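1. next come a sequence and a model predicted from it.
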Amino acid sequence: MKELNINIPVEFKQESELDEQEQQLLAQAKEATQRSYSPYSHFSVGAAVLLDDGTIVCGSNQENSAFPSGLCAERTALFYANSRYPERSVKALCIAARDTSGRFTQRPVAPCGSCRQVMVETEYRFKQDIRILLYGLEGIYCIRSAREMLPVHFDGSFL
Ligand code: THU
């Protein structure tokens, strides 16, 4: 038996340590939480996606009384970006969330598995790593790529 250890490098930064473009992306992700439709969970998530020409596309979680019919903020933003600008690769994605108290989460918010899978697909599609920024009041996790955030993932090479 051999044990494999898979480590993910994560930078933990304060907002002031982000570069100007990342700060803008974060501001957009925070603002997008205000457009969340989340009457069931009262958990408002905002995502902002940076395209290779500098365009920023935002999304928020959209819930539904028939629970599986809703969609997370990250996939709302990515699917919109990829359908509106199919030629533009995605360079970065930032997420912020406000909990039931209306305050931003203390811990950096974590994307769900399905959203990670869609981020990974987008990386393969454009052959471009997506820098991931996960915002929390205590700091921001900065991760080099979606593939690193979803180790041992399924992708088209299996098909
Ligand atoms: N949610 C997101 O929008 N992104 C995530 O990665 C985690 C969860 C949403 C889905 C649902 O509307 C609410 O947060 C509570 O799960």
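-> Sure, I can see it.

2. rest of the way, CA atoms for contacts and neighbours
-> OK.

3. what does the chain have sitting close to the ligand?
-> Within the chain, the positions lying close to the ligand (CA under 6 Å from any ligand atom) are 38, 41, 43, 45, 61, 63, 72-74, 110-112.

4. which among the residues you listed count as buried?
-> Among the residues of the chain next to the ligand, the ones that count as buried by 16 or more other CA atoms under 10 Å are 38, 43, 45, 61, 63, 72-74, 110-111.

5. just the ones of the residues you listed in helices?
-> Among these, the members found in helices (DSSP state H) are 73-74.

6. JSON lines for the buried ones among the residues of the chain next to the ligand, including pLDDT?
-> As requested, those are exported to JSON lines (pLDDT from 0 to 100):
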{"residue": "38", "pLDDT": "98"}
{"residue": "43", "pLDDT": "98"}
{"residue": "45", "pLDDT": "98"}
{"residue": "61", "pLDDT": "98"}
{"residue": "63", "pLDDT": "98"}
{"residue": "72", "pLDDT": "98"}
{"residue": "73", "pLDDT": "99"}
{"residue": "74", "pLDDT": "98"}
{"residue": "110", "pLDDT": "97"}
{"residue": "111", "pLDDT": "98"}
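
7. just the buried ones among the residues of the chain next to the ligand now: which is nearest residue 134?
-> Proximity of those to residue 134 (CA to CA) peaks at residue 110, which lies at 6.7 Å.

8. all good on my end, thank you.
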